[in-house]
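Student: no sequence on this one, just coordinates:
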């Protein structure tokens, strides 16, 4: 059974930093693409950052230069380091995993329960 458990969210002042963690069980990261999504109230869920099973990374324009996604295969954990946080970064952040052969985030995706990030201005 696959489980993704996020942690590290909280309240932070604008300009501050957070590191989100996603501990995965039931899968191995080197076979899955991992992603961090976020959903703000009244908005659609959006992909913030992703890292493929081969280590290629990609970022949404809104966080490019401020976010870094990484993995620790020994711990089977994915991280999202967010710096220079803005009020607009406030959202629930979700960890997601899809098989490395998949080409979209619509099918065969596992989701975590989410962690709240609130940025105060």
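Tutor: Perfect, thanks for sending it. The shown structure was predicted, so the numbers you read here are calculated from the model rather than taken from an experiment.
Student: check contacts around the residue nearest the centre of the chain.
Tutor: For the chain, the residue nearest the mean C-alpha position is residue 36 (2.1 Å; CA atoms, centre = their mean). The contact partners of residue 36, by CB atoms under 8 Å, 6 or more residues apart in numbering, come to 20, 22, 47-50, 69, 78, 80, 93-96. No exception for glycine: its C-beta is placed from N, CA and C like everyone else's.
Student: now with 10 Å?
Tutor: Applying CB atoms under 10 Å, 6 or more residues apart in numbering, one finds that residue 36 lies in contact with 6, 20, 22, 47-51, 59-60, 63, 67, 69, 78-80, 82, 93-96, 112.
Student: what subset of those is buried?
Tutor: Neighbour counting over the contacts of residue 36 (16 or more other CB atoms under 10 Å) leaves 6, 20, 22, 48-51, 59, 63, 67, 69, 78-80, 82, 93-96, 112 as the buried ones.
Student: mark which of these are part of strands, please.
Tutor: The strands in this structure, assigned by DSSP state E, contain 6, 20, 22, 48-51, 59, 67, 69, 78-80, 82, 93-96 from these.
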